[in-house]
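**Q** what follows is a predicted structure for the sequence shown.
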Amino acid sequence: RARRRPTTMPSVVQKGIDKVRLMAGLEPSAPAPGEQTAELLDEYTSCASLTYEQRMYGFAFCALFGVMCSALSSVFWTRPTKFATLYSMGNLLSLASTGFLTGFARQLKNMFHGTRFAATCVYLGALIMTLVCAVELKSFPLTMVFLVVQWCALIWYCMSYIPGGRAALKAIAKACCGAGGESGDFF
């Protein structure tokens, strides 16, 4: 029988620490010899040429104006075009703000990682459809539907960063919707 080499505890622990560091926007530990250290895209989009202070200013600017646009959009809730444009711009600015912390390439990799792929696609699709329904179709009901889908996808995406977050959200949804027992798994 072929014996598998057990993974050593230090490498498993190091991988876990690296994941936490990446989620916090810090650089992981140095890669083992022979591992590829960076891709070409990372080189141009990592914000490495910006100082720490410049990255913090970029983050603060985008986050502040993102929140302001989203909040200001509520003033225009009866005007779908202005509302959806401001709300979506606020979401895009808020999303861009974290790119200054982690680097835009790393953020895209994290967004399209296996566990977040569906939520990211639904979120970005809903964001686009929100704008299409508001600007082109000028349909308030459809705009609101896609805003709700966008909001739900964003929450689902954010919960993927919290250990057990999605499981907790499923449990809350099941409790609220009364879906229990063996009648089937809605979520």
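**A** Arrived safely. Numbering: from 1, shown residues only.

**Q** now name the helix or strand holding the residue lying closest to Trp77 once chain neighbours are set aside.
**A** Nearest residue to Trp77, sequence neighbours excluded (C-beta to C-beta, 6 or more residues apart in numbering): Phe83, at 5.3 Å. The C-beta positions use only the backbone N, C-alpha and C, and glycine is treated the same way. Element membership of Phe83 [criterion: DSSP states H and E] is helix 80-102.

**Q** one more: Leu154?
**A** Assigned by DSSP H and E, Leu154 belongs to helix 140-159.

**Q** what are the contacting residues of that helix?
**A** 78, 80, 83-84, 87-88, 91, 111, 116, 119-120, 122-123, 126-127, 129-130, 133-134, 165-166, 168-169 (C-beta atoms under 8 Å, 6 or more residues apart in numbering).

**Q** quick one: average pLDDT of it?
**A** This predicted structure assigns helix 140-159 an average pLDDT of 89.

**Q** pull out the buried positions in it.
**A** Judged by neighbour count using 16 or more other C-beta atoms under 10 Å, the buried positions of helix 140-159 are 140, 142-144, 146-147, 149-150, 153-154, 156-157, 159.

**Q** give me phi/psi at Ser160?
**A** With angles defined as degrees, to the nearest 10, Ser160 shows backbone torsions of phi -70, psi -20.

**Q** can you name the residues that contact the closest residue to it other than its chain neighbours?
**A** Spatially, and ignoring its direct neighbours in sequence, Ser160 is nearest to Arg116 (5.0 Å; C-beta to C-beta, 6+ apart). Contacts were defined as C-beta under 8 Å, 6+ apart; by that measure Arg116 touches Asn110, Tyr157, Ser160.

**Q** for Arg116, give its distance to Met159.
**A** Spatial separation of Arg116 from Met159 under the definition C-beta to C-beta, to the nearest Å is 10 Å.

**Q** tell me which helix or strand in the protein has the weakest average pLDDT.
**A** Every helix and strand in the chain was compared by mean pLDDT, DSSP states H and E; the lowest is helix 40-45, with a mean of 47.

**Q** now the element after that one, going C-ward?
**A** For helix 40-45, the following helix or strand on the C-terminal side (DSSP H and E) is helix 52-73.

**Q** list the contacts of that following helix.
**A** With C-beta under 8 Å, 6+ apart as the contact definition, helix 52-73 has outside contacts at 47, 50, 82-87, 89-98, 100-101.

**Q** distance of Thr115 relative to Val132?
**A** For Thr115, the distance to Val132 - C-beta to C-beta - is 28 Å.
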